[in-house]
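**Student:** pasted the sequence and its predicted model underneath.
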Protein chains: 2
Amino acid sequence: MAAAAAGEEVPNKRVVLRRYVTGFPSEDDMEVVTATARLAVPPGSTAMVVKNLYVSCDPYMRGRMTKHERPSYVPDFVLGEVLVNFGVSRVIASGHPDFKVGDLVWGMTGWEEYTLVPKPESFFKINHPELPLSYYTGVLGMPGLTAWAGFFDVGKPKKGDYVFVSAASGAVGQLVGQLAKLTGCYVVGSAGSDEKVNLLKTKFGFDEAFNYRKEQDLDAALRRYFPEGIDIYFENVGGPTLEAVLSNMRNHGRIPVCGMISQYNLEQPEGVHNLFQIVAKRLRMEGFMVFDYFSEYYKFEEEMVGYLKEGKISYVEDIAEGLEKAPAALIGLYSGRNVGKQLVAVARE
Amino acid sequence: MAAAAAGEEVPNKRVVLRRYVTGFPSEDDMEVVTATARLAVPPGSTAMVVKNLYVSCDPYMRGRMTKHERPSYVPDFVLGEVLVNFGVSRVIASGHPDFKVGDLVWGMTGWEEYTLVPKPESFFKINHPELPLSYYTGVLGMPGLTAWAGFFDVGKPKKGDYVFVSAASGAVGQLVGQLAKLTGCYVVGSAGSDEKVNLLKTKFGFDEAFNYRKEQDLDAALRRYFPEGIDIYFENVGGPTLEAVLSNMRNHGRIPVCGMISQYNLEQPEGVHNLFQIVAKRLRMEGFMVFDYFSEYYKFEEEMVGYLKEGKISYVEDIAEGLEKAPAALIGLYSGRNVGKQLVAVARE
C-alpha cells in the first residue's frame, strides 16, 4: 500500500464551499481545489487517516450550505473548507485501537481524497465487503438506516396498511416502499419523471406510482390511488404535497417526517393550511433523525444484508465519477436529476 | 316529580340552526324556538327522556355549523334542528335497564329543555353530585377528560419539562396548566386579556402568563419565557401561534393537538411555514380526541374529584343563564369573551 507510507505528503483534491447559499444552490457555490494531505496521524493521537472511496450526496446537505443565525441541527459548512458528509473509506493510518490500516469503514468524512478523522469512534466498520462498497453510502448506510428506522419505529406499520411515499425513487424512498411491501402493505409512490415511475413499478414492486409533475390536482390523484385513505405517509418533500396528503389521511394515520426537499431552496417556505386534519383524524406527525438510531446500526446491517442477498430488496444508485462531478451531482438532487441514490465515486479502491 | 308524569306533552324551548355558517358565526345563525316534548319513552324502547340542566359551549361546535362536502369527524348540525352537545341532565323517563328516573347523567344532549335520548348507553352516570353539577360540563366532563388524556397520554410529561399552553384560561387550558404544575413542570400560558392573564397567575398557579394580543412578536415573547425552549406545547389555537412555537421547541418536544380555535372562522386557514422544525428537532405533533378516551372516564372522574376536594385544582366557569343566552355564549368563545369554561344553565334542578 504505497500511498500509506508513513508521513508522506500527497496532493489532496477536495470540494470546498465558496459561498453561503440563499435560494437554489449552483455548482459554482462550490469549488474543486487541490490541497495536500499527510498520510500519517500525529504521534500519540487516536485519530486515523482514511482514503475516501465513495461519498454520498444527500438532500439534507442543503441546510449546511446556509449560514444560520441560530444553531441548526447540523453544523453549517465552513466557508473555504471542505464539505463533509457520509462516505465509505479505507483506513490508511490509525492511532486508534479499534481501527487498523486496511479496514473498510463508513462515517462522516470529507469530500476529498484523504481525510484526517480526529474521532474514529464515530465510524462504523463495514462487515459485508462482499457487497458493493458503494452500498454503504445508501442501502447499507445512512439512508438505509433512515428508511428502516423511520418506517418501522416511527411509522409503526401493520399488515394491510395503505402507505404513500413521496420522492419514492430516491435513496430513502425506494427502500421505504420495499420495506412496506415486505410488511404486507399497499404502497403507492410519487416521483418526478416517467422513468422513475416505471422504476417504482417494475423494479421496486410498488403497487402503484405516479409522476407528480403530471398531476394538476394532487388531492384528486391521492383520492384516486387511496379511495380509503392513507395510513402511513413517509414524508420526504413537504409543502403542497403534505397539504394534499393531510386531506387524504385516515383516522389514526402516521406521518414519519424524514425531510422536506421541496422547501429547502425557498427563501420563504410554503405554508401548510390544513393542519386541523391532525385533530380531525387524530394523526401523528413525527420527525426523526438517523443519528438517534446509530446504536441499532449493526442490527440493521445484518437484516438489510439478508434482504439484499435473498433478492428481497432491489437497489438503484446513480454514481458520479470523480470529485470534479460532485458539485453537479449534489445540485442535481434538488431538481430531481438523479435516478436512484446519488453518490460520487472518489476512488474505486 | 310532576313534570315527569307519563306521556305528558310539554312546551320545549330549544336552540335550532337557522343557516349553515361560513366565516365568523353570528347569534342569528341560531334561533330559540318553542316546540313540544313528550315526557315518556315509546313502549318497549330502551330510550330515555332527560331534563337538561346545563349544556356546554365548546369551540369544536363551530365545525358542526358548516355543511361539509366530505363527512367531517363529527356530524354537521341539521338545518332547522336542535343543536346538540355535551350536557348535564336528569333522567325523567327511561326504558333502559341501566338508567332510572332521577339519575343524574352527562352526555350528548340537545340545546333544549327536554331531550329524548335514543341510546342512553352513550351517557355517563354522575358519581359525585356533591360537587356542583355544572362541573360535569367541564372539569369533570368532556373538557376535563380532554385535558387529562391530552396532557398525560399524548404529551407524556416528565417532571421539569417546560410546558406552554395557549388559550390557557379556557375550559381545557386551565386544567392542562394545573395538571402540568402537579407533575412538576414549568408552565407558561397565553390568553387574550389582562384579566385572564391575572387569573392564570393568581388562581391557576401558572409560573408565567402573557396577553398574546399585546405581543408584537410572539416568537420573541416565547424566547423570553422559554430561553431553553419548550418541551410540551398543548395546542389549542393553531396558525401563527403554532408557527412561533415550532421555532421555540426543544429537541424531542411533543405537541398534543387539541384544537385550533384561531382558524375555525377563517374561509382559508392560515399557513404554517416552518414545519421543517418537526425534522430538525424530532418533534412529535399528535392530534387526539376525547372520544377515544371515554373508556377511561370513571378512572379520570375519581382522580379529578380527588384533586378538586383536596384543593389541588381550581376551576373557573362562565355561566350564561337560560337557553335564550346560549347563541351569544357560543359565539363569544370565538372572540374570547368568556372567562373560564363557558356553559349555559338551562334549569337549576
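**Tutor:** Yes, it's here.
**Student:** tell me who's in contact with the residue in the stretch 151-300 of chain A positioned nearest to chain B.
**Tutor:** In the stretch 151-300 of chain A, no residue comes nearer to chain B than A:Gly271, which is 1.6 Å away by C-beta to the nearest C-beta. From N, CA and C alone the C-beta is placed, and that goes for glycine too. For A:Gly271, the contacting residues are B:270-273, taking C-beta atoms under 8 Å, 6 or more residues apart in numbering or on different chains as the criterion.
**Student:** quick one: which of the residues you listed is most hemmed in?
**Tutor:** B:Val272 (23 neighbours; other C-beta atoms under 10 Å in any protein chain shown).
**Student:** that one reaches B:Leu246, doesn't it?
**Tutor:** Yes. Contact criterion C-beta atoms under 8 Å: B:Val272 and B:Leu246 qualify, at 7.3 Å.
**Student:** low-scoring stretches of the stretch 101-250 of chain A, by residue?
**Tutor:** Across the stretch 101-250 of chain A, not a single residue meets the criterion (pLDDT under 70).
**Student:** point out the residues in it that sit beside chain B.
**Tutor:** Of all the residues in the stretch 101-250 of chain A, those in contact range of chain B (C-beta under 8 Å from any C-beta of the partner chain) are A:238, A:242.
**Student:** helices of the stretch 101-250 of chain A, start to end?
**Tutor:** Assigned by DSSP state H, counting those that start in this stretch, the stretch 101-250 of chain A shows helices spanning A:142-148, A:173-182, A:194-202, A:218-225, A:239-246.
**Student:** got a markdown table for the ones you listed, with mean neighbour count too?
**Tutor:** What follows is the helices of the stretch 101-250 of chain A, written out as a markdown table (neighbours: other C-beta atoms under 10 Å in any protein chain shown):
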| stretch | mean neighbour count |
| --- | --- |
| helix A:142-148 | 26 |
| helix A:173-182 | 26 |
| helix A:194-202 | 18 |
| helix A:218-225 | 17 |
| helix A:239-246 | 21 |
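**Student:** partners of the helix or strand harbouring A:Ile92, with directions?
**Tutor:** Using DSSP states H and E, A:Ile92 falls within strand A:84-94. Under the criterion DSSP bridges, strand A:84-94 sits next to strand A:48-56 (antiparallel), strand A:104-110 (antiparallel) in its sheet.
**Student:** tell me how chain A divides into domains.
**Tutor:** The record's domain parsing of chain A by the TED database lists A:8-138+A:316-345, A:142-291.
**Student:** how long is the longest one end to end?
**Tutor:** The first residue of domain A:8-138+A:316-345 is 24 Å away from its last residue (C-alpha to C-alpha, to the nearest Å).
**Student:** what does stretch A:251-262 give?
**Tutor:** The first residue of stretch A:251-262 is 26 Å away from its last residue (C-alpha to C-alpha).
**Student:** same question for stretch A:303-317.
**Tutor:** Here the two ends of stretch A:303-317 are set 20 Å apart, with distance taken as C-alpha to C-alpha.
**Student:** what comes up buried for that stretch?
**Tutor:** Residues A:304-305, A:307-308, A:313-317 are the ones in stretch A:303-317 that count as buried (16 or more other C-beta atoms under 10 Å in any protein chain shown).
**Student:** what does that stretch contact?
**Tutor:** Stretch A:303-317 is contacted from outside by A:127-128, A:131, A:134-135, A:138-140, A:144, A:148, A:169, A:174-175, A:178-179, A:182, A:199, A:203-205, A:339-343, using C-beta under 8 Å, 6+ apart.
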